[in-house]
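**Student:** structure for the following, please:
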Amino acid sequence: MSRRRLLLAVLLLGSIAAFFAFDLGQYLQIDYFKSKQSAIEEFRRANPLATAAVFFAIYVAVTGF
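**Tutor:** Numbers count the residues shown, from 1 in each chain. Predicted structure coming up:
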């Protein structure tokens, strides 16, 4: 196995371990977004261009994968 592949495997496994160790899955639940809905709406009203840019970036990343 090349050094580059080994580094990639270690980074991937480390990311997965951190995801579970810090319980980051709670931030991907619908209940979390519902509890933050008013803050998200407030941000959208205050920063419409930034909101559109973030949406566009997420859309491009998801469709790219």
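**Student:** the closest residue to Gly25 other than its chain neighbours: neighbouring residues, count only.
**Tutor:** Among residues not flanking Gly25 along the chain, Phe19 sits closest, at 6.8 Å (CB to CB, 6 or more residues apart in numbering). To be clear about C-beta, it is placed using only N, CA and C from the backbone, and glycine gets the same treatment. For Phe19, the count of nearby residues is 12 (other CB atoms under 10 Å).
**Student:** next one: Ser15
**Tutor:** 10.
**Student:** for it, pull up the helix or strand it's in.
**Tutor:** helix 3-21 (DSSP states H and E).
**Student:** mind checking pLDDT for the residue nearest to Gly25?
**Tutor:** For Phe19, the model assigns a pLDDT of 94.
**Student:** show me what the host helix or strand of Ala39 packs onto, helices and strands only.
**Tutor:** Element membership of Ala39 [criterion: DSSP H and E] is helix 37-46. Applying 3 or more CB pairs under 8 Å, 6 or more residues apart in numbering; DSSP states H and E, we find helix 37-46 packed against helix 48-64.
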